[in-house]
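**Student:** What follows is a predicted structure for the sequence shown.
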Amino acid sequence: MIQINKYKTELEETIELIKMILGIDVAIFDLQAQLVVCTKDYLLQKGNTVHAPSIEEVIAKKKVVVNKPGHMPTCSGCRFIGNCPAKIEILKSIRLDEVLFGVMTFTSFSKQGHDKITKNTKIFVDALNMFSDGIARLLSRKQLLNSLDETKNILNAFMDLSRESMLAVNPKGTVIKCNHQAQKLFSFCDLYTRSAYHILPGHVIDKALEGNHLKKIGLNINNQKAYVSAKPVFEGNEVTACVFTIHENELLKPDKKFSDHISLKSNENFSDSPLSSILGESYQIVKIKKNISKLSKSLSTVLITGETGTGKGLLAKVIHQTSVRSKGPFVPLNCTSIPETLFESELFGYEEGAFTGAKKGGKPGRLELARGGTLFLDEIGEMPLHMQVKLLNVLQDYEFQRVGGVAPISIDIRVIAATNQDLHNLVEEKKFRTDLFYRLNVIPMTLPPLRNREKDIDIIAGMFLKDANKKVGRNIQTISNPVMALFRSHTWPGNIRELQNIIEYCINLEDTDIITEDSLPERFLTHMDINKSNSQGIQFGAITKTASPPGQGIKSRVLTSEAKTILSYLDRHGHDVQGKNKTASELGISLRTLYRKLEKYSREN
C-alpha cells in the first residue's frame with residue numbers, strides 16, 4: 001500500500017496553492033489519524049494532533065460536513081469540545097475504488113470563511129471531491145510528481161474559482177495557464193502567446209523564478225497600483241513553474257499608503273523611472289543616467305564594461321526598462337554558465353530530434369524568447385569563438401536557424417552585452433573577433449568601480465542596510481562614522497556586491513543598534529591592512545600620513561603610554577598583517593581591537 005506521508009513535500013506545495021486560490025485552510029491525515037501536511041494557520045489553530053474518532057467517521061461515511069465544530073457527537077472526548085477554533089469543516093476520504101489512503105479537510109477559522117463555505121457549499125464540496133480523487137489516482141500510481149497532468153483540470157478549476165487574476169508561467173516566463181479574471185484584466189493581449197515579461201516587471205518575475213515566495217509586491221498594472229504575489233513550484237531543487245496572483249480587489253485606494261507595504265527594493269515603489277534603481281550622485285553615475293535617458297528611443301547595441309560586482313546586470317535591465325522595448329521581454333544569458341557544447345542550442349534553440357535527448361516538439365532558444373524585447377549577453381568575453389561567428393551573422397541579418405532546423409527565423413531584438421574583461425586585449429590576443437567587437441560596441445558604457453565612487457558609498461550602504469534588516473529580521477538603525485570611514489577608504493575589489501555582503505554580515509553579528517568595527521569581518525580588516533601596507537601612505541579614519549611605514553606616522557604624535565606600547569610591539573614584530581597578529585596576541589587583545597585602537601589614536605591626533 002502507498003504511504004501518503006512519502007509524498008509530504010509534494011503535498012505541502014499543493015495545499016499551499018489551494019490556500020492561495022480558495023482562501024481556506026487545508027490538512028491531510030493518514031489512516032492512523034496522524035497529520036501528514038497542513039497549512040500554517042491550521043497548525044497554529046489546531047496543532048499537530050487530531051481527534052481520532054473524527055477521522056474514523058470520515059473513513060466510514062466517506063464525507064462529512066461539520067457545521068458546528070466542537071458541538072458534534074463525534075467531538076466527545078476531544079480537547080476542543082465546546083470551544084473548537086474551527087468554524088466549519090468539510091472532510092473527505094482520499095480513496096480510489098475501495099483503496100483508502102487518508103483524509104483531507106477544508107477548514108475555516110473565521111466567521112467570514114464560514115459564511116463563504118456555507119453559501120457555496122456545493123462548489124467547495126465539488127472542489128474537495130476533485131482534489132481528493134486526483135490525489136488518490138496519483139498516489140495509486142506512485143508517481144505524484146510525474147503525474148501532474150492528472151491534476152491540471154483540478155487546479156484549473158481552482159484557479160477559475162478565485163476572484164483574483166492568476167497566471168502560471170514556466171521557467172522561461174511563458175504563460176502556460178491563466179484564469180478568466182486574468183484574461184479580463186489583460187484583455188488587450190492574448191496571454192497564451194505572451195511572455196509574462198510583457199505584462200509584469202522583469203525584476204518581479206526574475207525574483208519569483210529564482211525560487212522566492214513573494215507576498216503583495218506593489219506594482220503598476222494597467223496604470224493602476226496593485227499588489228502581486230508569487231508562489232514558485234519546485235521539482236526537487238529546481239523551479240518548474242510559478243503562479244502569480246494579482247490582487248485586483250486590493251487595488252490601492254487614495255487613503256492607503258503604499259509605502260507601508262513590502263517592495264522588492266526600497267527605492268522602487270512606483271518610482272517615476274527605473275533610473276531610480278541606479279543609486280548614486282557621483283559625476284560618473286549621473287552621466288550614465290543622462291545617457292540612458294538619451295537612448296530611450298534607440299535600438300542600437302550597447303556594450304557595458306566594468307569590474308565584477310559593479311552592477312552591469314542591473315544597468316542592462318534599466319536600459320531595457322527605459323527603452324521603447326520595455327513592454328517586451330528581457331532575456332538574460334550568462335555566457336560563463338553554459339557548457340560550450342550546449343551553447344548553440346541554448347542561444348538558437350533546437351528542433352525535435354536534433355540530437356539525442358532533444359525534447360519532443362523542440363525548444364525555442366534565447367533569441368526567440370527575446371522577440372520584441374532585449375537579449376542580454378552577460379560575460380560576452382567568455383563566448384566561444386565558433387559562437388561569435390554565428391552571433392555576428394545574427395546581428396547582421398537578424399535571422400537564424402534552430403539547431404537541426406532548415407527554415408530561417410526572423411527576429412526583432414535589441415542586444416545588450418556586458419563583460420568585466422578588456423575586449424581590446426582579447427581582440428589583440430585573437431580570443432575575440434574584431435568584427436563582433438565593433439558590432440557590439442556601438443554604444444559603450446563603463447561602470448566605475450566602487451572605490452572611485454566615494455560620494456555614492458553612503459547612499460548605497462544605506463540602501464543595503466534597509467534591505468539586510470528586512471532579510472535578517474533586525475532593526476539596526478545606522479552605521480557608525482568609523483565604519484563609514486573604513487568603507488570610504490577600502491579598495492572594494494568585489495565592488496557593490498562586496499559592500500552588500502559586508503553589511504549583511506555585520507547585521508547578523510552586531511549586538512547593538514548601530515554597526516560598529518566590532519562586527520566587521522576579519523577578512524575585511526585584513527584586506528584593509530594589506531592595501532595600506534602596499535600604499536605610499538596609510539589612512540586611519542579621516543587622517544592620512546605619507547612618506548613613512550604603516551603605523552609610523554602616528555608614533556611622533558601620540559603621547560599615551562598605551563599607544564607607545566602598541567607601537568613598540570609593532571616595531572618589533574612588523575607593521576604587516578603577521579606583525580599585527582603577533583602584537584595583538586602578546587598584548588592579549590583581538591586583531592579587531594588593535595585596529596580600533598590605532599584608528600582611535602589617529603582620530604584624536
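**Tutor:** Alright, I've got the coordinates. Residues are numbered from 1 along each chain as shown.
**Student:** State the paired neighbours of the lengthiest strand in the chain in the sheet, together with their directions.
**Tutor:** Ranked by residue count under DSSP state E, the longest strand found in the chain is strand 224-235. When sheet partners are counted by DSSP bridges, strand 224-235 sits next to strand 214-221 (antiparallel), strand 238-247 (antiparallel).
**Student:** for the record, mean pLDDT for the last one?
**Tutor:** Per-residue pLDDT values over strand 238-247 give a mean of 88.
**Student:** helix or strand right after that strand?
**Tutor:** Per DSSP states H and E, strand 238-247 leads on to helix 283-294 as the next helix or strand towards the C-terminus.
**Student:** Now the element after that next one, going C-ward?
**Tutor:** strand 302-305.
**Student:** what's that following strand in contact with?
**Tutor:** 295, 312, 315-316, 319, 380, 415-420, 423, 440-447 (C-beta atoms under 8 Å, 6 or more residues apart in numbering). Every residue, glycine included, has its C-beta placed from N, CA and C.
**Student:** Dump the helix or strand following that strand to PDB, keeping only the CA atoms.
**Tutor:** Under the assignment DSSP H and E, the closest C-terminal helix or strand after strand 302-305 is helix 312-321. Backbone C-alpha positions of helix 312-321 (Å, rounded to 0.1, in the frame of the first residue of the first chain) are rendered in PDB as follows:
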ATOM      1  CA  LYS A 312      26.300  45.600 -15.000                       C
ATOM      2  CA  GLY A 313      23.200  43.300 -14.900                       C
ATOM      3  CA  LEU A 314      21.100  46.000 -13.200                       C
ATOM      4  CA  LEU A 315      22.300  48.600 -15.700                       C
ATOM      5  CA  ALA A 316      21.200  46.400 -18.600                       C
ATOM      6  CA  LYS A 317      17.800  45.900 -17.100                       C
ATOM      7  CA  VAL A 318      17.400  49.700 -16.600                       C
ATOM      8  CA  ILE A 319      18.400  50.300 -20.200                       C
ATOM      9  CA  HIS A 320      15.700  47.900 -21.300                       C
ATOM     10  CA  GLN A 321      13.000  49.200 -18.900                       C
END
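**Student:** partner strands of the next helix or strand after helix 312-321, parallel or antiparallel?
**Tutor:** Downstream of helix 312-321, the next assigned helix or strand under DSSP H and E is strand 330-334. Here strand 330-334 has these sheet partners by DSSP bridges: strand 374-378 (parallel).
**Student:** What residues of the strand it pairs with count as buried?
**Tutor:** By neighbour count on 16 or more other C-beta atoms under 10 Å, the buried set for strand 374-378 is 374-378.
**Student:** from these, which is closest to Ile409?
**Tutor:** Leu375 (13.9 Å; C-beta to C-beta).
**Student:** circling back to that earlier point, save the buried residues of strand 374-378 as JSON lines, and put in distance to Gly280 and pLDDT too.
**Tutor:** As requested, the buried residues of strand 374-378 are arranged in JSON lines below (distance: C-beta to C-beta, whole Å; pLDDT from 0 to 100):
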{"residue": "Thr374", "distance to Gly280": "23", "pLDDT": "92"}
{"residue": "Leu375", "distance to Gly280": "27", "pLDDT": "93"}
{"residue": "Phe376", "distance to Gly280": "21", "pLDDT": "94"}
{"residue": "Leu377", "distance to Gly280": "25", "pLDDT": "94"}
{"residue": "Asp378", "distance to Gly280": "21", "pLDDT": "93"}
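**Student:** Please convert those residues to CSV, extending it with distance to Phe432.
**Tutor:** Below are the buried residues of strand 374-378 laid out as CSV (distance: C-beta to C-beta, whole Å):
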residue, distance to Phe432
Thr374, 22
Leu375, 18
Phe376, 18
Leu377, 13
Asp378, 15
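**Student:** domains for the chain, by residue range?
**Tutor:** What the record gives for the chain is the domain set 4-146, 163-260, 274-446, 449-520, 538-605, from automatic domain parsing.
**Student:** Nearest to Thr526 among those would be which one?
**Tutor:** domain 538-605 (5.8 Å).
**Student:** Could you find the residue nearest the spatial middle of this structure?
**Tutor:** Lys207 (3.3 Å; C-alpha atoms, centre = their mean).
**Student:** hang on, that one packs against Leu214?
**Tutor:** Yes. Taking contacts as C-beta atoms under 8 Å, Lys207 lies within contact range of Leu214: 6.3 Å.
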